[in-house]
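S.K.: Starting from these lines, generate the structure:
(chains A and B)
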Amino acid sequence: DTAVSQTPKYLVTQMGNDKSIKCEQNLGHDTMYWYKQDSKKFLKIMFSYNNKELIINETVPNRFSPKSPDKAHLNLHINSLELGDSAVYFCASKLQSSYNEQFFGPGTRLTVL
Amino acid sequence: DAKTTQPPSMDCAEGRAANLPCNHSTISGNEYVYWYRQIHSQGPQYIIHGLKNNETNEMASLIITEDRKSSTLILPHATLRDTAVYYCIVRVAGRTGANSKLTFGKGITLSVRP
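M.R.: As a prediction, the model looks like this:
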């Protein structure tokens, strides 16, 4: 009965590769987010989607392309991976009509070699 | 969004109350105070939020000063599992929702000792 799930949990890959991280929520929420937490532990928002529509794009390089096939899923595809992309990526969701109570997934640790 | 200031760390004994302070002296009238925590290697977890009245739920209590320039999160009986980084965030409530984002600072690391 996991609320927000992410796959994979760990991802190790070489520079220049293309990879995807998947996120699914079973909470019936209509808004989903991607956050990045770097090695210094700062947690920064990257994107938000509402009903499959992109709402927030925080000046993320266009190598990062979120895709929302439906309200319950928000996937993150990353092209031409760079060393600086190594981080933990968190997916989150909420109801648009709610306050800022976001539910976070367990995170995906991406390591680019 | 108003900026928040938190001490970098604190500790408390297991079973005692943990009082985590947060300063937000530039808070606006329509901004709420939110608290999240992040236990090691997990995603952040919502704890509580409030506007000006004190709030309590099953996890914690939130005490907001009358001038709203500071607040305290209280964990009444801290356990070892409460060891985490606690983030105080000030944000407009944003019932518009989707463009309402959370900005996380450095937070305060709470260590609960046996």
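
S.K.: Return the list of helices and strands in contact with the lowest-mean-pLDDT helix or strand in chain A.
M.R.: Every helix and strand in chain A was compared by mean pLDDT, DSSP states H and E; the lowest is strand A:53-57, with a mean of 82. Judged by 3 or more CB pairs under 8 Å, 6 or more residues apart in numbering or on different chains; DSSP states H and E, strand A:53-57 is in contact with strand A:43-50. Bear in mind the C-beta positions are built from the backbone N, C-alpha and C, glycine included.

S.K.: for the record, mean pLDDT for the strand it packs on?
M.R.: Strand A:43-50 shows an average pLDDT of 89 in the prediction.

S.K.: Briefly note if it comes near chain B.
M.R.: Yes. Against chain B, strand A:43-50 shows contacts by CB under 8 Å from any CB of the partner chain at A:L43, A:K44, A:I45, A:S48, A:Y49, A:N50.

S.K.: which residues touch the least confident helix or strand of chain A?
M.R.: Contact with strand A:53-57 is made by A:T31, A:Y33, A:I45, A:M46, A:F47, A:S48, A:Y49, A:P66, A:S68, B:A98, B:N99, B:K101, as judged by CB atoms under 8 Å, 6 or more residues apart in numbering or on different chains.

S.K.: The residues of strand A:43-50 next to chain B into CSV, with extra columns for neighbour count and distance to A:L74?
M.R.: Converted to CSV, those look like this (neighbours: other CB atoms under 10 Å in any protein chain shown; distance: CB to CB, whole Å):
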residue, neighbour count, distance to A:L74
A:L43, 24, 17
A:K44, 16, 16
A:I45, 20, 13
A:S48, 28, 9
A:Y49, 22, 5
A:N50, 20, 10
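
S.K.: end to end, how far does stretch B:14-28 reach?
M.R.: Start-to-end span of stretch B:14-28 (CA to CA, to the nearest Å) is 36 Å.

S.K.: And it, how far out from the chain middle?
M.R.: Between the centre of stretch B:14-28 and the centre of its chain there are 6 Å (CA atoms, centre = their mean, to the nearest Å).

S.K.: hmm, back to that, most neighbours of all the contacts of strand A:53-57, which one?
M.R.: A:S48 (28 neighbours; other CB atoms under 10 Å in any protein chain shown).

S.K.: Extract the C-alpha set from the least confident helix or strand of chain A and format it as PDB.
M.R.: Extracted in PDB, the C-alpha atoms of strand A:53-57 (Å, rounded to 0.1, in the frame of the first residue of the first chain):
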ATOM      1  CA  GLU A  53       0.300  19.700 -17.500                       C
ATOM      2  CA  LEU A  54       3.700  21.200 -16.700                       C
ATOM      3  CA  ILE A  55       3.300  23.900 -14.100                       C
ATOM      4  CA  ILE A  56       6.800  24.600 -12.700                       C
ATOM      5  CA  ASN A  57      10.100  24.200 -14.500                       C
END
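
S.K.: Provide the strand pairings for that strand, with the direction of each partner.
M.R.: Using DSSP bridges, strand A:53-57 pairs in its sheet with strand A:43-50 (antiparallel).

S.K.: Thank you kindly, that will do.
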